[in-house]
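Visitor: Sharing a model prediction with you, sequence too.
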Amino acid sequence: MRLLAPQYPEGLGLRIWVHTVTGLKPNDINSINGLNHYIGMKPINPQAIPEMRWMPWIMAALIISGLVIAIRGARRSLIAWLLAFALLGGVGLWDFWRWEYDYGHNLDLANAIIIIPEMSYQPPLIGSKQLANFTATAWPAPAAWAMGVSFLLAAGVVVTSRRRREEEM
């Protein structure tokens, strides 16, 4: 996620990993937390996000099971894996959106220094969005693109194996 504003022409940013959140540059997360304090947002604290403790295990299970299924060549197992992958991916995106919603809407207005009536600060899940004088942009990182490609390749295997089976009959 990248944040651009006139007072930050070089931008600020976050890298959201499966196990933590870091700044694009060494002090970015501290700068973002400092700015968020002015509008009553909670600080970004990766240790306070429980999903970051168990998401690496879910990802490892998906990767290992996918490799085992690929080696075995079991079509039904591959279909089950694709369904699990899609379900977990959907739940993960929903959970991240919910986290962003909470982060951008549940503000501590009693202690906020700057209050813009009716303003929410929910960052975009994907794409760009104007948040006061900041343009927030979020795009998937290379690992997310790799996950998407692996899902599409596995789905392609299911489709082509079905066609082959139908041709053989």
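Guide: Received, thanks.

Visitor: any low-confidence regions in the chain?
Guide: Scanning the chain with the threshold set as pLDDT under 70 gives 166-169.

Visitor: try it again with 80
Guide: Low-confidence regions of the chain, defined here as pLDDT under 80, cover residues 117-118, 162-169.

Visitor: Which stretches in it count as strands?
Guide: Assigned by DSSP state E, the chain shows strands spanning 2-5, 8-16, 21-23, 127-131, 134-138.

Visitor: For Ile113, give me its contacts.
Guide: Counting by Cβ atoms under 8 Å, 6 or more residues apart in numbering, Ile113 touches 37-39. Yep, even glycine has a C-beta here, placed from its N, CA and C like the rest.

Visitor: closest to Pro6 among those?
Guide: Closest approach between these and Pro6, by Cβ to Cβ: Tyr38, at 15.8 Å.

Visitor: mind listing what the closest one touches?
Guide: Shown here is Tyr38, whose contacts under the criterion Cβ under 8 Å, 6+ apart are 112-114.

Visitor: what's the distance between the residue lying closest to Trp97 once chain neighbours are set aside and Pro26?
Guide: Counting by Cβ to Cβ, 6 or more residues apart in numbering, Trp97 lies nearest to Leu125, which is 5.2 Å off, once chain neighbours are set aside. Remark: distance between Leu125 and Pro26 (Cβ to Cβ, to the nearest Å) = 26 Å.
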